[in-house]
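Peer 1: sequence and predicted structure below; questions after.
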Amino acid sequence: MERPGRLLLQSELRVRNAAYDVSLSRSLLIWKRRTSSPVYHPFRPSVCHSVPVSEIISVREEEEENGSRQRDDGSWKKIREREGKDCRQAFTVLYVERCRQHRWRCAEVTFTCSDEAVCQHWVSSIREQLASNTSRPKHLLVYINPYGGKRQGKRIYEQKVAPLFTQAGIATSVIVTEYANHARDHLKMEAELKKFDGVVCVGGDGMFSEIIHGLIWRTQIDCGVDPNSTEEALSPCSLRIGIIPAGSTDCICFASVGTNDPVTSALHIIVGDSQPLDVCSVHHNNMFLRYSVSLLGYGFYGDVLSDSERKRWMGPARYDFSGLKMFLTHHYYEGTVSYLPAKGIIGTPRDATRCRSGCVICQHNGQLNSERSEKYEMDEASDSESSGEWRTIRGKFLAINAASMSCACPRSPKGLSPAAHLADGTTDLILVRKCSRFNFLRHLLRHTSKDDQFDLTFIEVHRVRRFRFMPRHCQSDSDLELDLHENSKRQIFSQICKDHPACGCAPAYSSWNCDGEILTHTAIDVRVHGQLIKLFARGIEELPVFEDLSNPCAI
Ligand SMILES: Nc1ncnc2c1ncn2[C@@H]1O[C@H](COP(=O)(O)OP(=O)(O)OP(=O)(O)O)[C@@H](O)[C@H]1O
Ligand SMILES: CCCCCCCCCCCCC/C=C/[C@@H](O)[C@H](CO)NC(=O)CCCCC
Ligand SMILES: [Ca+2]
């Protein structure tokens, strides 16, 4: 709880006709019930509220209606009798109220005061404070994906988010996408980014991935960096991105805000939160493929995704259906994983830390190798395998997952890698070796229970800055150019096999699930770019255990 700064304003105002001492400082608005009788009532709770100014959404004047007169055009005009001392002035303050499970909602309180000048002064003072908060967005570029999740993107935005933006005086340019990658291409080519101080993604993880693709690409072009390069450090994006969850998994929103509630996300955007986020770049033979911020999954999650793509009409349930089907199919894949362990960091994928608001591990590790630091650790480690830093593992895997964040989501509240951090410059590489269905099910079910999903002999997890994967059957260079056609032919072939287990042959290839989109290649080179982008979020807040004694109401 912030301590009140220098007092700017102090008055006696009324709330629902009861007297309150109301005070405004740089950081806090406090209204404290006036105890009417001088005798202290030990049992009457002295009602006191305090709201950080940074969490006030807006303030609006109320027209106190004492009567109304018909205008000559027939419409009714509210009039305020000037004479008579009962003339009341009123203003309403809208502010953030915390609810359960990290949800926020917009609460309001109306103050009435007898003197119009006092009322005006309060309104203008609060507005002045809000205007001086430069981290708040004024003009947002909004992309709505009408197609993702349960196809409710437009309704969610229009009914739950737009009214809040209007209340907060935020101007918006809204684009409803008409085809896949519409938002990416618009950001790459057309958007006049200088006009905006934020981008809003109304959709799921795939839509977010599309938007950061466009934004990061545009930022590199504008900064003269080659987005295709695997060596150059990328330039961080200054525009923050807000996520209004309207997808099927929405794990990026869930892991950075703590819930998948559109109103909560809208309020984090309005108050101007800022949360840095790591981004992985994925290349195939020096050709850029995509960016990833949540999950890069080969094997199980890749097969779940490619099987579910044909069932988009099922909405979010498609993942559960395909998840079960792929669990029963139980395919493993051979290949070679090499990775560069993260050095000099604090924290491991199996420790008890959790990435929360103001995360010290992200602050410590993030600075170690954020894009802005000159001595970029990568150059030291150099990329050639010869540097001795790289480790290589060959084997048969059920799943190879790189979680750049916990990937917590409604399906798995603690996520694929519960101790992963949003902005520490690393990704957790989880290797699930070939094992029995029974053991794999134990591993999967631990994602939804308290047990440690890594505490199994066939699982290993490493915190890395880079990694590569090469499927076993990629012998010569020509095989490397496994293009989509070749891959899909194999997949069709393997599809036939999957549907007719009689033939007994197992497909050699899975596909990579990159934030919910299928990659076109299986041999990839992944690199983590620390804190490359920023979200309108503040990480998951620790629940306030109890009001601390410095509570301003206690004064
Ligand atoms: N207008 C559109 N028509 C068709 N596809 C679109 C359109 N706009 C965006 N897309 C694509 O739809 C895909 C899925 O969208 P999104 O990720 O928002 O939903 P989802 O896959 O259901 O959610 P999640 O990724 O959280 O599981 C994205 O890859 C995006 O590129
Ligand atoms: C068979 C019993 C299973 C019981 C428990 C299963 C564990 C579920 C863990 C869920 C982890 C989701 C990781 C998020 C990845 C997203 O970037 C991606 C796009 O949104 N979603 C999926 O690929 C969707 C992936 C959904 C997989 C089911
Ligand atoms: Ca990370």
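Peer 2: Now that the structure is in, tell me what you want to look at. Residues are numbered from 1 along each chain as shown. Ligands and ions are numbered 1, 2, ... in the order given.

Peer 1: quick check: closest non-adjacent residue to Ala180.
Peer 2: Glu210 (7.6 Å; Cβ to Cβ, 6 or more residues apart in numbering). In short, each C-beta sits where N, CA and C put it, glycine included.

Peer 1: need the three-state assignment for that neighbour.
Peer 2: Of the three states, Glu210 takes helix under DSSP: H, G, I helix; E, B strand; the rest coil.

Peer 1: any figure for the gap between it and Val174?
Peer 2: The spacing between Glu210 and Val174, counted by Cβ to Cβ, to the nearest Å, is 17 Å.

Peer 1: and what of Glu116?
Peer 2: 38 Å.

Peer 1: around ligand 1, pick out the residues from the stretch 401-550 of the chain.
Peer 2: Residues of the stretch 401-550 of the chain found near ligand 1 (Cβ under 6 Å from any ligand atom) are Gly516, Glu517.

Peer 1: got the buried residues for the host helix or strand of His121?
Peer 2: Under the criterion of DSSP states H and E, His121 resides in helix 116-131. Using 16 or more other Cβ atoms under 10 Å as the test for burial, helix 116-131 gives Val118, Cys119, Trp122, Val123, Ile126, Gln129, Leu130.

Peer 1: any idea how far Thr353 is from the fourth one?
Peer 2: As for Val123, its distance to Thr353 is 45 Å (criterion: Cβ to Cβ).

Peer 1: spell out which parts of this protein neighbour ligand 1.
Peer 2: Contacts of the chain with ligand 1, taken as Cβ under 6 Å from any ligand atom, map to 145-149, 177-182, 203-207, 210, 247-250, 516-517.

Peer 1: switch to 8 Å and redo it
Peer 2: For the chain, the residues in contact with ligand 1 (Cβ under 8 Å from any ligand atom) are 145-149, 153, 176-184, 203-210, 245-252, 312, 315-316, 319, 515-517.

Peer 1: spatially central residue for the protein, please.
Peer 2: Cys253 (3.2 Å; Cα atoms, centre = their mean).

Peer 1: circling back to that earlier point, which other helices and strands does the helix holding His121 contact?
Peer 2: strand 7-15, strand 18-25, strand 56-62, strand 89-98, strand 104-113 (3 or more Cβ pairs under 8 Å, 6 or more residues apart in numbering; DSSP states H and E).

Peer 1: those strands: which one's closest to ligand 2?
Peer 2: Closest to ligand 2 of the helices and strands packed on helix 116-131 is strand 104-113 (Cβ to the nearest ligand atom; 22.9 Å).

Peer 1: pull the residues that contact the closest one.
Peer 2: Identification of contacts with strand 104-113 by Cβ atoms under 8 Å, 6 or more residues apart in numbering yields 11, 13-17, 20, 22, 31, 49, 57, 62, 64, 88-99, 119, 122, 164, 167, 261, 263-264, 267-268.

Peer 1: what sits up against stretch 262-272?
Peer 2: Outside stretch 262-272, the residues touching it (Cβ under 8 Å, 6+ apart) are 54-55, 57, 96, 102-106, 133, 135-137, 140, 156-157, 160-161, 164-165, 168, 170, 198, 200, 242-246, 253, 257, 536-538.

Peer 1: in PyMOL, select just the buried ones from those.
Peer 2: Only the buried entries of those go into this PyMOL selection, using 16+ other Cβ under 10 Å:
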select buried, resi 54+57+96+103+104+106+136+137+140+156+157+161+164+165+168+170+198+200+242+243+244+245+246+253+257+536+537+538
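
Peer 1: among the contacts of stretch 262-272, which are located in helices?
Peer 2: Members of these lying in helices (criterion: DSSP state H): Ile156, Leu164, Phe165, Cys253, Val257.

Peer 1: count of residues packed around Pro410?
Peer 2: Using other Cβ atoms under 10 Å, Pro410 is surrounded by 13 other residues.

Peer 1: what's the burial count for the nearest residue to it once chain neighbours are set aside?
Peer 2: Excluding the flanking residues, the one nearest Pro410 by Cβ to Cβ, 6+ apart is Asn260, at 6.5 Å. Neighbour count of Asn260, defined by other Cβ under 10 Å: 22.

Peer 1: just for this structure, where's the confidence low?
Peer 2: Within the chain, the ranges that satisfy pLDDT under 70 run 1-5, 36-46, 64-88, 369-388, 474-505, 544-555.

Peer 1: report the residue ranges of every domain in it.
Peer 2: Here the domain parsing of the chain from automatic domain parsing is 7-133, 135-273, 278-377+391-495+503-530.

Peer 1: quick check, the second one touching ligand 2?
Peer 2: What it means is domain 135-273. Yes: counting by Cβ under 8 Å from any ligand atom, contacts between domain 135-273 and ligand 2 involve Gly204, Asp205, Gly206, Ser209, Gly247, Ser248, Thr249, Asp250, Cys251, Ile252.

Peer 1: span of that domain from start to end?
Peer 2: 7 Å (Cα to Cα, to the nearest Å).

Peer 1: quick one: distance of it to the chain centre.
Peer 2: Distance of domain 135-273 from its chain centroid, counting by Cα atoms, centre = their mean, to the nearest Å, is 10 Å.

Peer 1: can you tell me if it touches ligand 3.
Peer 2: No: residues of domain 135-273 are not located near ligand 3 by Cβ under 5 Å from the ion, the shortest gap being 10.0 Å.

Peer 1: measure how buried the residue lying closest to Thr92 once chain neighbours are set aside is and give me the count.
Peer 2: Nearest non-adjacent residue to Thr92, counting by Cβ to Cβ, 6+ apart: Thr110, 4.4 Å away. For Thr110, the count of nearby residues is 15 (other Cβ under 10 Å).

Peer 1: for Gln531, see how far away Thr110 is.
Peer 2: From Thr110 to Gln531 the distance is 42 Å (Cβ to Cβ).

Peer 1: hang on, Ser308 in a helix?
Peer 2: Yes: under three-state DSSP, Ser308 sits within a helix.

Peer 1: circling back: buried subset of the contacts of strand 104-113?
Peer 2: Members of the contacts of strand 104-113 classed as buried by 16+ other Cβ under 10 Å are 11, 13-15, 20, 22, 31, 49, 57, 64, 88-91, 93-96, 119, 122, 164, 261, 263-264, 267-268.

Peer 1: quick one: contacts for whatever residue of the stretch 51-200 of the chain ends up closest to ligand 2?
Peer 2: As assessed by Cβ to the nearest ligand atom, ligand 2 sits closest to Gly148 within the stretch 51-200 of the chain, at 9.3 Å. By Cβ under 8 Å, 6+ apart, Gly148 lies in contact with Gly203, Gly204, Gly206, Met207, Ala246, Gly247, Ser248.

Peer 1: now do the SS call for it.
Peer 2: coil.

Peer 1: on that earlier part again, between Glu210 and Val174, which has more neighbouring residues?
Peer 2: Taking neighbours as other Cβ under 10 Å, Glu210 and Val174 compare with Glu210 leading, 27 against 16.

Peer 1: that one reaches Asn181, doesn't it?
Peer 2: Yes: with contact defined as Cβ atoms under 8 Å, Glu210 counts as touching Asn181 (6.0 Å).

Peer 1: backbone phi and psi for the closest residue to ligand 3 within the stretch 201-350 of the chain, please?
Peer 2: Nearest to ligand 3, among the residues of the stretch 201-350 of the chain, is Asp278, at 4.1 Å (Cβ to the ion). In terms of degrees, to the nearest 10, the main-chain angles of Asp278 are phi -70, psi 150.

Peer 1: show me the contacts for the nearest residue to Asp320 once chain neighbours are set aside.
Peer 2: Closest residue to Asp320 apart from its sequence neighbours, by Cβ to Cβ, 6+ apart: Arg411 at 8.0 Å. Contact analysis of Arg411 by Cβ under 8 Å, 6+ apart lists Thr249, Tyr319, Asp320, His447, Thr448.

Peer 1: secondary structure class for the fourth one?
Peer 2: The reference is to His447. His447 ends up helix, using three-state DSSP.
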